[in-house]
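1. The following comprises the amino acid sequence and a computationally predicted model.
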Amino acid sequence: MANFFSDNRDLEFTLNNLDLNEAVALRENNYEFAKENDNLKAEIVDYKVDLEKESKELKELLETAKGQKKLKASKKLDTVESFLKS
């Protein structure tokens with residue numbers, strides 16, 4: 001099946017070598033939010049710890065749960081694990 005982006009070498013080169021630093025700086029107000037919120041990284045680390053705890057609890061629940069409860073826990077665990085990988 002044809003792919004517009006990969007079949008067009010000029011477009012593919014442009015997209016692969018695109019420098020968006022200036023555009024992002026303009027869009028993100030020159031990163032002012034990040035400069036003003038130094039403690040944000042600590043909050044993200046705390047959130048990750050909570051996700052790890054949630055993952056452990058869901059794995060324990062999956063060992064004993066049955067039916068709909070097990071299905072819901074499995075789906076939630078997939079989501080939590082995805083967040084932890086990112």
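-> Sure, I can see it.
2. A23: neighbour count?
-> 10 (other C-beta atoms under 10 Å). Every C-beta, even on glycine, is put in place using the N, C-alpha and C of the backbone.
3. now R27
-> 9.
4. With L58 instead?
-> L58: 20 neighbours (other C-beta under 10 Å).
5. show me the contacts for it.
-> A73, K76, L77, V80 (C-beta atoms under 8 Å, 6 or more residues apart in numbering).
6. Could you double-check that the last one sits in contact with K53?
-> No - counting by C-beta atoms under 8 Å, K53 is not a contact partner of V80; they are 9.8 Å apart.
7. follow-up on the earlier one: would CSV of the contacts of L58 with secondary structure, distance to N17 and pLDDT be doable?
-> Shown next, in CSV, are these (DSSP: H, G, I helix; E, B strand; the rest coil; distance: C-beta to C-beta, whole Å; pLDDT from 0 to 100):
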residue, secondary structure, distance to N17, pLDDT
A73, helix, 45, 89
K76, helix, 41, 88
L77, helix, 40, 89
V80, helix, 37, 84
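8. low-scoring pLDDT stretches of this protein, where are they?
-> Within the chain, the stretches with pLDDT under 70 are 1, 30-31, 33-49.
9. returning to what we had before: who has more neighbours out of V80 and K53?
-> V80 (20 against 11).
10. Which residues are in contact with that one?
-> With C-beta under 8 Å, 6+ apart, V80 has these contacts: L51, E54, S55, L58.
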